[in-house]
Every structure is written in C-alpha cells, then in structure tokens.
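Undergrad: give me a 3D structure for the following:
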Amino acid sequence: MDFGHIIQQIVISIIPIMLAVILHEISHGYAALKLGDPTARMMGRLTLNPLPHIDILGTIIMPVALYVLTDGKFVFGYAKPVPINPNNFRSPKRDMAISAAAGPMANIVIAAISIILLKHALVPLASVVDESTVQNFLQPLARMFAVSVTINVVLAVFNMIPIPPLDGGRVLMGLLPYRQADVLGRIEPYGLVIIILLVATHISDYIIYPLIRFIIGLLSLL
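TA: Below is the predicted model of the structure:
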C-alpha cells in the first residue's frame with residue numbers, strides 16, 4: 001500500500017469534499033430562509049465557517065475513506081443537517097420540497113463551476129507557465145477541481161434517490177397528493193436501512209452510476 005499516495009489523495013480531496021457537503025446544507029437553509037423560515041440563520045448555520053457544519057464522521061472520515069478505498073470511484077458524505085421548521089412556510093408541503101431540492105441543485109452548480117474553471121482556466125494557464133508551476137501548483141489544483149466535479153455530482157444524484165429522509169424523498173413528498181405523500185413519509189424511519197441495502201446489493205448501481213456518467217458528460221460540454 002502506497003501511504004504517500006493515500007496521504008496525497010486525502011490532502012487533495014478534503015477541501016472539495018468539505019465544500020460540497022457544507023454548501024449543500026447552506027443551500028437548504030438559504031432556500032428555507034427565502035421561503036419564510038429563518039431557523040437556520042438564527043442558529044448560525046448560514047455561514048461558510050465550516051465549524052458549525054462539520055460532522056466528524058460524515059464530513060471528514062467517511063467521504064475521505066470512501067474516496068481512498070475506491071480510488072475516487074465512489075464518495076459520499078454529509079454535514080450536520082440544517083434545521084428547518086416547515087411551520088414557518090406559507091405552503092409547508094411545497095416549500096419543504098423546494099428547500100430539499102436546493103441542496104442537490106447547489107452541488108450541480110458547484111460541479112459546473114469546477115469543470116468550467118478546470119477546462120477554461122487551468123488548462124490554458126498550464127500552456128503559458130513554467131513546468132515547475134504546473135507540477136507544484138496547477139496539477140494539484142486540477143485534481144482538486146476534478147474531485148469537486150465527482151463528489152458534487154455523486155452527492156446530487158445520491159441525495160435525489162426518492163426515499164426519505166434523502167432530499168429526493170422530500171421532493172417527491174412535495175409533489176405527491178397528500179395521501180400518497182403521507183404513505184411515503186411513513187418510510188422515513190426505515191429509509192436509511194433501505195438505502196444501505198440498495199447500495200450493498202448493488203441494485204442502486206443500475207440507476208446511480210449511469211446517471212452520474214450522464215450528468216458528468218453533460219457538464220463536460222461546458
């Protein structure tokens with residue numbers, strides 16, 4: 001095992017992973033604020049300061065371990081969930097769905113920005129600077145942007161699985177009629193177990209990985 005390579009992977013991946021999961025949660029809270037719920041702002045969660053958002057297991061240990069163990073093929077993580085009080089919404093069902101969708105949409109935007117900067121800033125810059133600058137600065141930065149694309153697309157796709165408590169489940173509950181939404185909501189206590197089983201049995205692979213490749217392919221056209 002090449003520990004030097006592993007350390008290098010951790011150093012390069014930790015910043016884009018933390019930004020991806022933290023901005024995901026901030027987007028939930030900011031959308032909720034715009035829809036009338038100031039809970040996240042009142043609790044100091046609409047900040048880029050990582051300390052209020054970091055969950056040691058979900059923000060650091062799990063995503064870095066997954067990235068290293070799968071050689072960058074799969075990574076997932078989470079920050080502390082942003083508190084949202086749907087009672088402050090004018091239309092709780094609709095606005096909760098919008099707030100839930102804001103997180104994955106933020107990840108897609110971050111992925112798009114990362115690939116634009118990679119293709120249209122770093123690559124052209126590499127052709128006009130000296131080799132030392134390329135190796136010591138531009139190459140590590142390019143790898144960080146590449147990790148950013150992967151982690152953000154994976155987070156967006158995985159979170160949009162239509163099973164509560166994932167964002168996709170909450171979005172679907174907002175779109176369904178009240179009776180069907182209530183039935184889906186009853187799944188939430190078992191949602192994480194269902195998701196783990198889908199991942200462990202590789203059933204989710206038939207949906208997640210093709211969708212990830214499709215989105216990254218679309219973003220590569222930017």
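
Undergrad: OK, contacts around residue 149?
TA: By CB atoms under 8 Å, 6 or more residues apart in numbering, the residues touching residue 149 are 111, 114, 115, 118, 216, 219. Heads up, the C-betas are built off the backbone N, CA and C, glycines and all.

Undergrad: ok, and the closest non-adjacent residue to the spatially most central residue of the chain?
TA: The residue lying closest to the centre of the chain (CA atoms, centre = their mean) is residue 155, at 3.4 Å. Distances taken as CB to CB, 6 or more residues apart in numbering put residue 107 closest to residue 155, at 4.8 Å, once the chain neighbours are dropped.

Undergrad: and for residue 64?
TA: Per CB to CB, 6+ apart, closest to residue 64 is residue 10, 5.4 Å.

Undergrad: go on, residue 55?
TA: residue 80 (5.0 Å).

Undergrad: do residue 77 as well
TA: residue 63 is the one closest to residue 77 (CB to CB, 6+ apart), at 3.2 Å.

Undergrad: what's the burial count for the one you found?
TA: Burial of residue 63 is recorded as 26 neighbouring residues (other CB atoms under 10 Å).

Undergrad: helix, strand or coil for it?
TA: helix (DSSP: H, G, I helix; E, B strand; the rest coil).

Undergrad: any idea how far it is from residue 107?
TA: From residue 63 over to residue 107 the distance is 13 Å, taken as CB to CB, to the nearest Å.

Undergrad: whatever helix or strand the residue nearest to residue 155 lives in: which residues count as buried?
TA: Under the criterion of DSSP states H and E, residue 107 resides in helix 92-117. Buried residues in helix 92-117, defined by neighbour count with 16 or more other CB atoms under 10 Å: 92-93, 95-108, 110-115.

Undergrad: likewise for stretch 37-53?
TA: For stretch 37-53, using 16+ other CB under 10 Å, the buried residues are 37, 39, 40, 45, 46, 53.

Undergrad: could you look up the next helix or strand downstream of the helix or strand harbouring residue 16?
TA: Using DSSP H and E, the element containing residue 16 is helix 3-34. Next helix or strand after helix 3-34 toward the C-terminus (DSSP H and E): helix 39-42.

Undergrad: CA-only coordinates of that following helix in CSV, if you can.
TA: Extracted in CSV, the C-alpha atoms of helix 39-42 (Å, rounded to 0.1, in the frame of the first residue of the first chain):
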residue,chain,number,x,y,z
THR,A,39,-34.4,28.9,11.7
ALA,A,40,-31.0,28.1,10.0
ARG,A,41,-30.0,31.8,10.1
MET,A,42,-31.0,32.1,13.8
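
Undergrad: same for it, what does it pack against?
TA: helix 3-34 (3 or more CB pairs under 8 Å, 6 or more residues apart in numbering; DSSP states H and E).

Undergrad: same for the helix it packs on, what does it pack against?
TA: helix 39-42, helix 62-69, helix 92-117, helix 139-159.

Undergrad: so what touches the shortest one?
TA: To tie it back to what came earlier, the one meant is helix 39-42. 28, 29, 30, 32, 33, 46, 82, 83, 84, 85, 88.

Undergrad: those, buried ones only, as a PyMOL selection?
TA: Selection command for PyMOL covering only the buried members of the contacts of helix 39-42, criterion 16+ other CB under 10 Å:
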select buried, resi 28+29+30+32+33+46+82+84
